[in-house]
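Asker: here is the input, now give the coordinates:
(one chain, ligands or ions: 1)
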Amino acid sequence: MTRHESATAQPPATVRRDARQKVTGEARYAVDRTPPGCLHACPVPAAVARGRVTAVHADEVLRRPGVHAVLTHENAPRLGDADDPTLALLQEDRVPHRGWFVAVVVADTPENARAAADALRIDYAQSEHDVRLRADHPRLYTPEKANGGHPAVRERGDFDTAFAASPVRLDATYTMGALHNHPMEPHAATAWWDDDGLTVYDSSQGATTVRDVLARLFRLPRQQVTVVSAYVGGGFGSKGTPRPPAVLAAMAARHTGRPVRLALPRRDLPATVGHRAPTVQRVRIGAAADGTIEALAHDVVTQTSTVKEFVEQAAVPARTMYTSPHSRTTHRVVALDVPTPSWMRAPGEASGMYALEAAMDELAETVGVDPVELRLRNEPDTEPDSGKPFSSRGLADCLRDGARRFGWADRDPRPGIRRDGDVLSGTGVAAATYPVLVSPSRASAHAAPDGRFVVRVDATDIGTGARTVLAQIAADALGAPLDSVRVELGSSRLPDAPVAGGSSGTASWGWAVHKACAALRATLAADPGRPLPPEGVTVEADTQEEAGRTSPYARHAFGAHFAEVRVDTVTGEVRVSRLLGVYAVGRILNARTARSQFIGGMTMGLGMALTEHSTMDLAFGDFRERDLASYHVPACADVPDIEAHWVDEHDPHLNPMGSKGIGEIGIVGTAAAIANAVHHACGIRFRDLPLTPDRLL
Ligand code: MOS
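Answerer: So this is what the prediction gives:
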């Protein structure tokens, strides 16, 4: 048995390769390279929630100092179709929601661009708008698919009859407002045109995808577009699809014949780079007296925009989590005059598992079964919806290990009895799950005569540690020392690769890197004595075949979250005092970066539970919270004693590394664990997130 295969081996905790560049400011982000002659663009958001632009008084601002151009739907370059209507910018006079970009001002400095954009007068023909999501909205409809290609409606057995016949029945509705990703680095791009075509430095989660979309929009062969995303300050899904800065900067550069830089002000993010759609989720569980689930229904109501259909797939995890012989899971959506929702960390699972795991806690209380035990009693033998065997299912291990580490055995289940002065305390648990996703990728591996290696793949390191982990995967596959491997990523000039999204980056890129390196190693081993040619040897790999294949197994990551809270009965403030997660996610490739992913996700879950909230101003049709002073992301003082652990999991049905995705599972179920702890503390069920003081009092 090698050390890596031993049941107790700790994974390596290699330090991030780019740590020094990041902390010294050497790392260059999308707006950190200003080409000579670069102009600066500032977009102008629509000031009405629905209507048409009838006039743009561009001449007034063109007279201002330093202003070079004003782009509107009347003079902007015509775009091709890229299959994403949120990118059909400045093509027509229609305003589909407040904040939609209706003009772009280009000037010699960012300050002049912004001042001119603020001064630009625009006339609108305004129509009535509707931005209010309600569970009884008359225009709700059932889409064909929810996100991820999941059918919007699934039924097994006969839910209505089984629910009516169940000795224990739970029927509860949970709501969540919109949430926003708010990465540290707002979306930005620098673009220029030259004899080679279009080059864009973009803050994105996948330069290959942005390259392909820009090529379609500007009707160019793909080789004439280069997109570089070398360093990215977070994205959480909001940079998973191409965004307006890349398109607008390229349009403005074409229009002016100069390089153009466009950095979105944070205040523009909420309306233009997506949000986690608000949901109203009804969960019904019919159970036997011992808590065994007989009937489970999860009905989700959510919103999309009039620009494109986006359906948060929040009922999907209920299809795979628990024994449920009779099941109905549905999604309904209404197209409102709101900004278009989009991907935000664990889209679907984060919202859906809040509702399902809060309902499981309510069921546990109703039947008088410990909530850890209740989940163990409802472990399915095979994936309920598909009947497929699980490739591995470590939920029970996570629950047991977490309970042991957290000290769950000593818990008194009675709510509302732990008082210390004005403060009530309590503990809660919730399960986590995230699907194992993987996409085909290409990569190349090069051996130089001096014994060094270069691995190339258009992966993106959005702060996750991709540079580091891909080097580890390559060194392992090559049987070479880690420091002999250099990794080049973050440019569409490198072999094509999928986005850093769906917790699939490491699996997708790593598989191709592994394949290229294994092939290179075999090539070198075939002729061990022979010196390499001066130009070295390069091997390319493509995992279209193996990574594109449908698995006969149901593949999911699992986890368990435990939380302890203190609720101030005078101020209504909830403080999390302990947060502990245990994960079963295949092989951990780097303990340091993995832990960082887990606690990052848990922290985001804490925000979802207690502080983060984007509310809609019904009169203006806009999100109110448009900066970090009003959209409350947890700060250090909010984040308690936080621990992430994992159980050993050896799953041979994944990829050559044996890994599952870890970027998103940390946020899944965390809010439910905290909400369940709040109930345990004060004995009241709050079913609307976030649990802000005004709601508790
Ligand atoms: Mo993630 S929401 O798939 O970037």
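
Asker: packing partners for the helix or strand that contains Ala103?
Answerer: If you go by DSSP states H and E, Ala103 is part of strand 101-107. Strand 101-107 sits against strand 39-45, strand 51-56, strand 67-71, helix 110-119, helix 244-256, with contacts defined as 3 or more CB pairs under 8 Å, 6 or more residues apart in numbering; DSSP states H and E. (C-beta placed from N, C-alpha, C; glycine too.)

Asker: assess the claim that Ala500 and Thr209 are in contact.
Answerer: No. Counting by CB atoms under 8 Å, Ala500 does not reach Thr209; the two are 10.2 Å apart.

Asker: burial count for the residue in the stretch 201-350 of the chain that the ligand sits nearest to?
Answerer: At 2.5 Å from the ligand, Gly237 is the closest residue in the stretch 201-350 of the chain, using CB to the nearest ligand atom. Number of residues near Gly237 (other CB atoms under 10 Å) recorded here: 24.

Asker: secondary structure element holding it?
Answerer: Short version, using DSSP H and E: Gly237 is in no helix or strand.

Asker: doesn't Phe598 make contact with Cys398?
Answerer: No. At 11.9 Å, Cys398 does not count as touching Phe598 under the criterion of CB under 8 Å.

Asker: still on that earlier bit, to Pro339, which of the helices and strands packed on strand 101-107 lies closest?
Answerer: Nearest to Pro339, of all those, is strand 39-45, at 10.1 Å by CB to CB.

Asker: so which residues make contact with the closest one?
Answerer: Strand 39-45 is contacted from outside by 68, 98-110, 112-114, 116-117, 120, 122, 244, 248-249, 252, 256, 258-262, 264-265, 268, 271-272, using CB atoms under 8 Å, 6 or more residues apart in numbering.

Asker: now the buried members of those.
Answerer: Neighbour-count burial (16 or more other CB atoms under 10 Å) applied to the contacts of strand 39-45 gives 68, 98-108, 110, 112-114, 116-117, 120, 122, 244, 248-249, 252, 256, 258-262, 264, 268, 271-272.

Asker: which of the contacts of strand 39-45 come close to the ligand?
Answerer: Contacts with the ligand are made by none of these, judged by CB under 6 Å from any ligand atom.

Asker: number of nearby residues for the closest residue to Val423 other than its chain neighbours?
Answerer: Leaving aside its chain neighbours, Val423 sits nearest to Arg566 (5.1 Å; criterion: CB to CB, 6 or more residues apart in numbering). Each residue near Arg566 was counted by other CB under 10 Å, and the total is 20.

Asker: I'd say Arg566 and Pro640 touch.
Answerer: No. The pair Arg566 / Pro640 is not scored as a contact, 9.6 Å apart, by CB under 8 Å.

Asker: residues contacting Ser551?
Answerer: With contact taken as CB under 8 Å, 6+ apart, Ser551 is in contact with 391, 653.

Asker: quick check, it in a helix?
Answerer: No. For Ser551, which was evaluated using DSSP: H, G, I helix; E, B strand; the rest coil, the result is coil, with no helix membership.

Asker: biggest strand in the protein by residues?
Answerer: Using DSSP state E to define each element, the chain has its longest strand at strand 554-568.

Asker: tell me what that strand is packed against?
Answerer: strand 390-392, helix 395-406, strand 423-435, strand 574-584, helix 670-682.

Asker: and of these, who's closest to Thr14?
Answerer: Proximity to Thr14 (CB to CB) singles out strand 574-584 among the helices and strands packed on strand 554-568, at 19.4 Å.

Asker: give the pairing partners of that closest one; include direction for each.
Answerer: On the basis of DSSP bridges, the sheet neighbours of strand 574-584 come out as strand 554-568 (antiparallel), strand 641-646 (parallel).

Asker: that older thread, give me the common contacts of Arg566 and Pro640.
Answerer: 575, 577.

Asker: close to the ligand, is the longest helix seen in the chain?
Answerer: Criterion DSSP state H: the longest helix present in the chain is helix 505-526. No. If you take CB under 6 Å from any ligand atom as the test, helix 505-526 misses the ligand, and the best it gets is 8.9 Å.

Asker: please apply the same query to stretch 273-293.
Answerer: No. Residues of stretch 273-293 contacting the ligand under CB under 6 Å from any ligand atom: none, with a closest distance of 8.9 Å.

Asker: quick one: name the residues of the stretch 251-400 of the chain near the ligand.
Answerer: So the stretch 251-400 of the chain meets the ligand at 343-345, 347 (CB under 6 Å from any ligand atom).

Asker: repeat that with 8 Å
Answerer: Residues of the stretch 251-400 of the chain lying close to the ligand (CB under 8 Å from any ligand atom) are 343-347.

Asker: which ones among these map onto helices?
Answerer: Reading helices off those, I find no matches (DSSP H).

Asker: hmm, Ala230 is touching Gly490, no?
Answerer: Yes. Using CB under 8 Å, Ala230 is in contact with Gly490, at 4.1 Å.

Asker: more crowded one of those two?
Answerer: Counted by other CB under 10 Å, Ala230 and Gly490 do not tie: Gly490 has more neighbours, with 25 against 21.

Asker: am I right that that one is in contact with Val228?
Answerer: Yes. Assessed by CB under 8 Å, Gly490 is found in contact with Val228 at 6.4 Å.

Asker: please enumerate the shared neighbours of the two.
Answerer: Ala207.

Asker: so which residues of the stretch 201-350 of the chain form strands?
Answerer: Remark: strands assigned in the stretch 201-350 of the chain by DSSP state E, counting those that start in this stretch are 225-228, 260-263, 279-287, 293-305, 326-336.
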